[in-house]
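Asker: structure for the following, please:
(2 chains)
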Amino acid sequence: MTEGEPLIRWDWIAGHLDELAFRLGQHVELTAIAVGVGLVIAFALSLLILRTPRLEAPITWVTGTLYTIPSLALFALLVPITGLSVLTAEIGLVSYTLLILIRNIIRGIRGVPADVREAAVGMGYAPRELLWRIEVPLALAVIIAGVRLATISTIGLVTVTALIGQGGFGFLILIGIQRFFSTELIAGAVLSVALAIAADALLVLLQRRLTPWARAA
Amino acid sequence: MPGQRGATVEFRVVTKRYADQTAVDALSFQVPAGKICILVGPSGSGKTTSLKMVNRLIEPTSGAILIDGNDVLQDDPVQLRRRIGYVIQQVGLFPHQTIAENVGTVPRLLGWPEARIAARATELLALVGLDPARYAKRYPAQLSGGERQRAGVARALAVEPPVMLMDEPFGAVDPIVRDRLQGELLRIQRELGTTILFVTHDIDEAIRLGDRVAIMRDGKLVQYAPPGELLAHPADDFVAQFTGADRGLKRLEVLTVGGADVDASVTRDAAGPNAPALAPAMSLRQALALMLQHDATAGVVLDGDRYVGVLALAKIGKMIRSDP
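Answerer: All right, here's what the predicted structure looks like:
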């Protein structure tokens, strides 16, 4: 950091609004794709586990192991294979969402009361109808709780992908560090946190909207 | 028209074996169309297993169950269940759907147009005594236990199934509500003529609701008879014990004044000054209560205004004692 320089130079920020908007878009895009793809994969794996409970232990082991790999190392390992690309970033980001999402999808669907399930089957719900019309809607609150966690942690992780040329607000942090420029570093960090808080609030609203019955009691 | 929509249900040597035990052992009986058959017995007697084999939530090991002569095992289970009403103790209303949506469950599965589903839901809620204007848009969590059970019955009746299965439906509500729900179930059943198979462990409920009562023990049918006969002639010690030492009194519930030994050869003065008026349709239990209340030794039986005869208290006492 240069001597006598203020922590934040607001004039820099005012002059770089286009850059900030671009990084915001990139950050949101990387996050949305990661959580979206993660949700699809997690859902498929969850259905597999619900149908064949034997698979729960191996799948949890794999996703749990993925979760423990340091993100820096994972991206570094992938670069020789998939390059400095969005794909490399997403493979890592998606991998980190799976553990949380699968755990919540399974917990949500298993939490559907037995009497509700028995009544549904007894009245002639076919397995597919039972899943989509009864089990998934009733599991929604728990599933969205998982999506919130996955989203927050992904928004944090996206900043690390700056090292492989992506990064959203993480790019600002990285450049800020390299240039000893605190304004850029702080802007990147604060905006990343703000984005996480905003995304979480949006998901809470979405959950309320989708589960009106939860407030009826 | 009453009594026309129900189907016959027949169990033909139905057995359900699990690895280490026989839950239901060569069960055979027949329920006539439009009647209420109560399956009653201690826990583990196989009554719920028997019920669940009708809509194939449990598959029998051997034997056949016929609805109007058609073996349910030949049918697609999902299609079969949509034609059979099903009510369970915990009701199992869908928490994420309004009461009207819950009641429209089977019509929706069958692909009825939404307008018809809504109209049917309104009709059914009224039938079970839930004001549609008040309840249609509520969620199950906003209802009391008794109201939920009413909604459960409405849901089961949505497509006027010829057969309805009820698994201890009133087991979780308090006695006053249970009494009212039992009365309304009888009213609705008489109105629609649905054949009902009803599981309970409560012998009083069985006697009140049943046209036929099947007493089960250890997976076997011990006795299958109308309640009056069951109380008068228990098949064995188990049935005698299960129906209770007071089965003579219980029997008075299912016998009517009209069917009792009314003496038509005497004038009404013979009944004494305090004698209460009795109607032929009244149960003997009610008649007994009235006589005791009036401190009378007899009652005057009147069919409307017409004098029928005198029923002596001693005659009722004799019916209680005539227990074998």
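Asker: ok, the nearest residue to B:Arg120 once chain neighbours are set aside - how many residues close by?
Answerer: In space, and not counting its chain neighbours, B:Arg120 is closest to B:Pro107: 5.9 Å by CB to CB, 6 or more residues apart in numbering or on different chains. Quick note: C-beta positions are derived from backbone N, CA and C, even for glycine. B:Pro107 has 21 neighbours, counted by other CB atoms under 10 Å in any protein chain shown.
Asker: quick one: neighbours of residue 70, just the number.
Answerer: Using chain A. 9.
Asker: looking at chain B here, not the other one
Answerer: For B:Asn70, using other CB under 10 Å, the count is 13.
Asker: again with A:Ala189
Answerer: A:Ala189, neighbours per other CB under 10 Å, totals 16.
Asker: verify the stated contact: it with A:Phe169.
Answerer: Yes - if you go by CB atoms under 8 Å, A:Ala189 and A:Phe169 touch, sitting 7.5 Å apart.
Asker: between these two, which contacts overlap?
Answerer: A:Thr159 (CB atoms under 8 Å, 6 or more residues apart in numbering or on different chains).
Asker: report pLDDT for A:Arg38.
Answerer: Actually, residue A:38 is Gly. It isn't Arg. We have a pLDDT of 97 for A:Gly38.
Asker: distance of it from chain B?
Answerer: Using CB to the nearest CB, to the nearest Å, A:Gly38 is found at 25 Å from chain B.
Asker: and the residue nearest to B:Arg120, what does it touch?
Answerer: B:Arg116, B:Ile117, B:Arg120, B:Ala158, B:Val159.
Asker: for the fourth one, helix, strand, or coil?
Answerer: What DSSP: H, G, I helix; E, B strand; the rest coil gives for B:Ala158 is coil.
Asker: okay, the closest residue to it other than its chain neighbours: pLDDT?
Answerer: In space, and not counting its chain neighbours, B:Ala158 is closest to B:Val106: 4.8 Å by CB to CB, 6+ apart. B:Val106 carries a pLDDT value of 95.
Asker: which residues touch residue 112?
Answerer: All of this is about chain A. Contacts of A:Val112 by CB under 8 Å, 6+ apart are A:Ile134, A:Glu135, A:Leu138, A:Ala139.
Asker: ah, I was thinking of chain B
Answerer: B:Trp112 makes contacts with B:Gly104, B:Arg120, as judged by CB under 8 Å, 6+ apart.
Asker: how far away is it from chain A?
Answerer: 14 Å.
Asker: that older thread, of the contacts of B:Pro107, just the buried ones, ChimeraX syntax please.
Answerer: To isolate the buried members of the contacts of B:Pro107 in ChimeraX, using 16 or more other CB atoms under 10 Å in any protein chain shown:
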select /B:117,120,158,159
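Asker: will you turn the contacts of B:Pro107 into a markdown table that also has pLDDT and distance to B:Asn274?
Answerer: Output for these, formatted as a markdown table (pLDDT from 0 to 100; distance: CB to CB, whole Å):
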| residue | pLDDT | distance to B:Asn274 |
| --- | --- | --- |
| B:Arg116 | 95 | 58 |
| B:Ile117 | 96 | 58 |
| B:Arg120 | 95 | 53 |
| B:Ala158 | 93 | 51 |
| B:Val159 | 92 | 53 |
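Asker: reformat the contacts of B:Pro107 as CSV; add distance to B:Asn70.
Answerer: Shown next, in CSV, are the contacts of B:Pro107 (distance: CB to CB, whole Å):
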residue, distance to B:Asn70
B:Arg116, 27
B:Ile117, 27
B:Arg120, 26
B:Ala158, 22
B:Val159, 17
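Asker: and of the contacts of B:Pro107, the nearest to chain A?
Answerer: Lowest distance from chain A to the contacts of B:Pro107 (CB to the nearest CB) belongs to B:Ala158, with 8.9 Å.
Asker: from B:Arg116, how far out is that closest one?
Answerer: Shown here: B:Ala158 relative to B:Arg116, a distance of 11 Å by CB to CB, to the nearest Å.
Asker: same question, B:Ala64
Answerer: Computed as CB to CB, the B:Ala64 to B:Arg116 distance reads 35 Å.
Asker: next one: B:Met319
Answerer: 51 Å.
Asker: do the same with A:Phe180
Answerer: 73 Å.
Asker: do you know the pLDDT at residue 138?
Answerer: You didn't say which chain, so I picked chain A. 96.
Asker: please refer instead to chain B.
Answerer: At B:Arg138, pLDDT is 95.
Asker: same question for B:Ile207.
Answerer: pLDDT at B:Ile207 comes out at 91.
Asker: what do you get for the one 4 residues further on?
Answerer: Note on B:Asp211: pLDDT of 95.
Asker: and chain A, which of its residues are near chain B?
Answerer: Residues of chain A lying close to chain B by CB under 8 Å from any CB of the partner chain are A:113, A:115-126, A:129, A:134, A:137-138, A:211, A:213, A:216-217.
Asker: list buried residues within these.
Answerer: A:116-125, A:129, A:134, A:137-138, A:211, A:213.
Asker: strands - which of these land there?
Answerer: Judged by DSSP state E, these include no members of strands.
Asker: so which of these sit within helices?
Answerer: Judged by DSSP state H, helices contain the following of those: A:Val116, A:Arg117, A:Glu118, A:Ala119, A:Ala120, A:Val121, A:Gly122, A:Glu129, A:Pro137, A:Leu138.
Asker: of those residues, closest to A:Leu20?
Answerer: Distance to A:Leu20 across these (CB to CB) is lowest for A:Pro137, with 38.8 Å.
Asker: my guess is the closest one contacts B:Glu101. True?
Answerer: No - at 11.3 Å, A:Pro137 does not count as touching B:Glu101 under the criterion of CB under 8 Å.
Asker: for chain A, which residues score under the pLDDT cut-off?
Answerer: A:1-4, A:217 (pLDDT under 70).
Asker: excluding chain neighbours, what is closest to A:Ile134?
Answerer: Closest to A:Ile134 by CB to CB, 6+ apart is A:Ala120, at 5.0 Å.
Asker: residues contacting B:Ala136?
Answerer: Per CB under 8 Å, 6+ apart, neighbours of B:Ala136: B:Thr98, B:Ile99, B:Ala100, B:Ala121, B:Thr122, B:Leu125.
Asker: quick one, what contacts the first one?
Answerer: If a contact means CB under 8 Å, 6+ apart, then B:Thr98 has B:Ala136, B:Lys137, B:Arg138, B:Tyr139 as its contacts.
Asker: among those residues, who's most crowded?
Answerer: B:Tyr139 (21 neighbours).
Asker: sketch out the helices for chain A, chain order is fine.
Answerer: A:10-15, A:17-51, A:56-68, A:71-82, A:86-110, A:114-122, A:127-129, A:136-158, A:169-178, A:182-210.
Asker: dump these to CSV, plus distance to B:Arg83.
Answerer: CSV is the format used below for those (distance: least, CB to CB, whole Å):
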stretch, distance to B:Arg83
helix A:10-15, 69
helix A:17-51, 28
helix A:56-68, 37
helix A:71-82, 55
helix A:86-110, 28
helix A:114-122, 12
helix A:127-129, 16
helix A:136-158, 25
helix A:169-178, 59
helix A:182-210, 33
